[in-house]
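A.B. asks: okay, here's the prediction I keep looking at, along with the sequence it came from:
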Amino acid sequence: MRRPKAPGTVLQALEPATRKLGELEGRALRGEALTLVELAASLSQCLQEVARVAMELVLDQAARAQPCSAPCPCGQEAQSKGFEDTSFVGRFGRVAVSRRRLTCECGSSSFLLDRAWGLPTGHYTDDVREATDRLSCRLGFQEAVAELHHLWGVAPDASTAKRWIGQDGGRAEAGAEADAAAHWARYEAEAYAIARGERRQAQRTDGFGVVEVDGVQALTWKPGQEPRRHSGVDKTPATVTSGSAEISAASEMGERASRHQAPSTLSQIRGSPMGPTGRSPRVHGREVCVGLVYLGEHACQQSPRRGVLLEKRYVATLDDREGFWLKLHAAAATQGVLSRKEVVRISDGGKYFIDQTAELFSDQPLVGILDCQHAKQHVWEAGHELAADKKEVQEWVVPRAQAIMDGKVAEVIAGLADERERRRGKPRAAVDELRGYLDRHKHLMDYPRYQAAGYPLASAAVESANKRLVGRRCKQGGMIWSEPGLEAMVAMRIAFMNPGAWRSLWPHAEASPLVKPGIMQRTLGRAAAVVTPSGGP
Ligand SMILES: [Zn+2]
């Protein structure tokens, strides 16, 4: 332990800026030019250094102002025997701090400054971590840290980014679970009060809400089959990397990823190198459940055949199926879906999703709809079994698909009964299958009524959610995830996309650009007002 160096003043931090501005002024007066981009870059670098030195000086002042003793929880007085050094990496670079350690006779010791100023327990401050998470949610881990380094000049390595996503994804999940638990406690208390006649059922508002549910596959290592990590990757001391070359290799793509091809249409072809036998037995596709809730009026048409949802809320999980339904209900309540006159549920006909949603929303005015694209797809599949050439298939399929859209499902089913008598073998089986499918779902296929009410007829929104939430980040070429890694990433992407979720995950560290454009504009505006002569040029 040592005494701190002689006191400085915070304004010393401006020295590099004064020097830089003087130098620039000199160049300008001498008639030397530099491009605007160079000018901006050198100013930005200078401001970054000013900020870093200012942080050191401010903390230094704070450390000096601290008392030499403080009461310990044990009742005695903890005393300081001197200063101890530490440092951390923030968005402006590495900041050194010297502060008192208070030690008590009971054996406990603490740093008052660390607690008061929120010094990180790890190497990095929360804003660097938040920015890393933000980028890692959208880019590969390697790309994310390289981009952050490019923007801020500071970034952890890729394996740290990966570890943070794991930990913060866990926090995001826990937050969503806590929200769902709070929702259910309220919801059940209210239902109980209504059942006992203590409270009246709230009036439902006009309009409808929509719940869509689907599943999307992503590749994961079978448990216990994950590639072994390079030992020591996690133990590398975190440093301010000075270039992407130093970023150690550890991404979602294992070193053998190139041998494990992602499923594609080629994988359906027997003997294809991408076929099922081409995939390692250590890898399998796992289904992520994706749910989406929104209000009818938030579905807009951006252009013909292209819809956009103005407001929506996502729910998704890999393993926690039970939690998924609880969270879906909570999301529907938050989004206002459960207070509407109708709750529309769209599905592709998967029995699991239909049964679960029917039970989950059993006390709601539920309108079930079968995705019309899936219905038509079934007719096309049967058509291909029944007819030989393309034209014939079309002639068989098109009128039936149209009849379904016109709400004449009963007629189509009756027609299939006749068709059955005329067929044998495989075609007959195809007719039976289609008939069974239509018969099971006919109560979900009143398309003219749905259309008149303005309900969505297709599950396009949730299929787009599949891509948005999971596909874009988790299903890129060669990506294979550990199951906890995939779960955490999905949780982080939901936190990123659901309104308010990211802010609640990072209450103190909302990352912002180095200089907010608004502030810049106002300052420049004021400067211009001073400089421009009132009469104009
Ligand atoms: Zn004590």
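C.D. replies: It's in.

A.B. asks: isn't Leu295 up against Thr205?
C.D. replies: No. Taking contacts as CB atoms under 8 Å, Leu295 lies outside contact range of Thr205: 9.6 Å. Every C-beta, even on glycine, is put in place using the N, C-alpha and C of the backbone.

A.B. asks: which one's more surrounded, the two?
C.D. replies: Neighbour count, other CB atoms under 10 Å: between Leu295 and Thr205, Leu295 has more, with 20 against 12.

A.B. asks: excluding residues flanking it in the chain, which one is nearest that one?
C.D. replies: If the residues on either side of it in the chain are set aside, Leu295 comes closest to Gly209, at 5.2 Å by CB to CB, 6 or more residues apart in numbering.

A.B. asks: give the contact list for the one you found.
C.D. replies: Each residue near Gly209 by CB atoms under 8 Å, 6 or more residues apart in numbering is listed here: 293-296, 332, 335-338, 340, 342-344.

A.B. asks: helix or strand with the lowest mean pLDDT in the chain?
C.D. replies: helix 517-531 (a mean of 48; mean pLDDT, DSSP states H and E).

A.B. asks: how about the stretch 351-500 of the chain: which residue is closest to the ion?
C.D. replies: Nearest residue of the stretch 351-500 of the chain to the ion (CB to the ion) works out as Ala488 at 38.9 Å.

A.B. asks: and the next helix or strand past the helix or strand where that residue lies?
C.D. replies: Per DSSP states H and E: Ala488 is located in helix 483-497. Heading C-terminal from helix 483-497, the first helix or strand you meet, by DSSP H and E, is helix 501-505.

A.B. asks: quick one on the thing from earlier: find residues that contact each of Leu295 and Thr205.
C.D. replies: Overlap of the contact sets of Leu295 and Thr205 (by CB under 8 Å, 6+ apart) consists of Gly336, Arg340.

A.B. asks: with only the CA atoms kept, save the strand or helix carrying Asp85 in PDB.
C.D. replies: Here Asp85 sits within strand 77-90, counting by DSSP H and E. Taking Å, rounded to 0.1, in the frame of the first residue of the first chain, the C-alpha atoms of strand 77-90 are listed here in PDB:
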ATOM      1  CA  GLU A  77     -15.200   0.800  13.200                       C
ATOM      2  CA  ALA A  78     -13.400  -0.400  10.100                       C
ATOM      3  CA  GLN A  79     -10.100   1.400   9.500                       C
ATOM      4  CA  SER A  80      -8.100   2.200   6.400                       C
ATOM      5  CA  LYS A  81      -4.400   1.400   6.400                       C
ATOM      6  CA  GLY A  82      -3.700   2.900   3.000                       C
ATOM      7  CA  PHE A  83      -4.600   2.800  -0.700                       C
ATOM      8  CA  GLU A  84      -4.800  -0.200  -3.100                       C
ATOM      9  CA  ASP A  85      -4.600  -0.100  -6.900                       C
ATOM     10  CA  THR A  86      -7.000  -1.600  -9.400                       C
ATOM     11  CA  SER A  87      -8.100  -0.900 -12.900                       C
ATOM     12  CA  PHE A  88     -11.000  -1.700 -15.200                       C
ATOM     13  CA  VAL A  89     -11.800  -1.400 -18.900                       C
ATOM     14  CA  GLY A  90     -14.600   1.000 -19.800                       C
END
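
A.B. asks: briefly note if that strand comes near the ion.
C.D. replies: No. Under the criterion of CB under 5 Å from the ion, strand 77-90 makes no contact with the ion; the nearest approach is 6.0 Å.

A.B. asks: show me what counts as buried in that strand.
C.D. replies: When burial is assessed from 16 or more other CB atoms under 10 Å, strand 77-90 yields the following buried residues: Ala78, Ser80, Phe83, Phe88, Val89, Gly90.

A.B. asks: which elements pack onto that strand?
C.D. replies: When contacts are defined as 3 or more CB pairs under 8 Å, 6 or more residues apart in numbering; DSSP states H and E, strand 77-90 packs onto helix 36-65, strand 69-71, strand 93-103, helix 126-136.

A.B. asks: just want the angle from it to helix 36-65.
C.D. replies: Relative orientation of strand 77-90 versus helix 36-65 (axes from the mean of the first three to the mean of the last three CA atoms, to 10 degrees): 170 degrees.

A.B. asks: what about strand 77-90, distance to the chain center?
C.D. replies: Here strand 77-90 shows a centroid-to-chain-centroid distance of 38 Å under the convention CA atoms, centre = their mean, to the nearest Å.

A.B. asks: give me the angle between that strand and helix 126-136.
C.D. replies: Calculated by the same axes, to 10 degrees, strand 77-90 forms an angle of 40 degrees with helix 126-136.

A.B. asks: need the contact partners of strand 77-90.
C.D. replies: For strand 77-90, contacts defined as CB under 8 Å, 6+ apart pick out 1-4, 52, 55, 63, 68-72, 94-104, 108-111, 119-120, 123-125, 127-128, 154, 238-240.

A.B. asks: those: which ones sit near the ion?
C.D. replies: Cys72, Cys104.

A.B. asks: would you write a ChimeraX line that selects the buried entries of the contacts of strand 77-90?
C.D. replies: The command below creates a ChimeraX selection of those among those that count as buried (16+ other CB under 10 Å):
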select :52,55,63,72,95,97,98,99,100,101,102,104,110,111,119,120,123,124,125,127,128,154,240
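
A.B. asks: hang on, the earlier thing: from the buried residues of strand 77-90, which two are the most distant?
C.D. replies: Ala78 and Val89 (28.9 Å; CB to CB).
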